[in-house]
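Trainee: how would this look folded up:
(one chain, ligands or ions: 1)
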Amino acid sequence: MTASIDHRWGWSAASPLGWPALCDWLRDPGSLTERLRRHCRDFRVEVLASEALLSLTPQQKALLDCEQAYCREVLLYCDETPWVYASSLYSPATRAAMPQLTGLGRRALGELLFDAPDLQRSTFEFAELTNDERIRLCHRAGLDPSPGPLWGRRSVLATGRARVLVTELFLPAVPAYQEPVA
Ligand SMILES: C=C(O[C@@H]1C=C(C(=O)O)C=C[C@H]1O)C(=O)O
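Mentor: Numbering: from 1, shown residues only. Coordinates of the predicted model:
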């Protein structure tokens, strides 16, 4: 799965109605890394791919103002269970403005970005994964396909001249999926 796949989804400002626990996760503007760390003893980042140069979808081009972007794909683990799949896209200009991006490895992107005092976050867009994407995502994360809906969010994090389009897909282990829909 690569970040360019998400253009088939209906990204919108609408988060899941009547599901406050999931909306609380989806709409949290703070560092997801920090939130995950509060939920587990052992947090770790597994890098699935880094620095692939991808052609962008029209929406991604508009969000990043470039034709191609570098892509970092990770799984974020809490106590040896993947909770989040994340792909982050950034332009060659951002790569030049923030060279730390290329050597991140298993350091969480949030630890770099949320250190910036001038960090700004765009409004979130949300999407419920299609059945195909849900199955592909679970397979990519080494999980049995989740029977229930899975949701994702995306937003642009900007500091100085750097801009990163961060797409985060919440996997079945996130506690909110066990909360009843109102
Ligand atoms: C932007 C953040 O960084 C998290 C870690 C990522 C990574 O290491 O690639 C990507 C997206 C986020 O889930 C955050 O903590 O909010």
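
Trainee: in the protein, what spans have low per-residue confidence?
Mentor: 1-9 (pLDDT under 70).

Trainee: tell me which parts of it are close to the ligand?
Mentor: Contact residues (C-beta under 6 Å from any ligand atom) of the chain with the ligand: 31-33, 45, 72, 74, 76, 84, 86, 88, 108-110, 113, 166, 168. To be clear about C-beta, it is placed using only N, CA and C from the backbone, and glycine gets the same treatment.

Trainee: I figured residue 105 hits residue 51, correct?
Mentor: No: at 11.1 Å, residue 105 and residue 51 do not qualify as touching, with contact defined as C-beta atoms under 8 Å.

Trainee: pick out whichever of those two has more residues nearby.
Mentor: residue 51 (12 against 8; other C-beta atoms under 10 Å).

Trainee: which helix or which strand is home to the residue of the chain found nearest the ligand?
Mentor: As assessed by C-beta to the nearest ligand atom, the ligand sits closest to residue 110 within the chain, at 2.0 Å. Counting by DSSP states H and E, the element that carries residue 110 is helix 109-113.

Trainee: max-length helix in the chain?
Mentor: Ranked by residue count and defined by DSSP state H, the top helix of the chain is helix 131-140.
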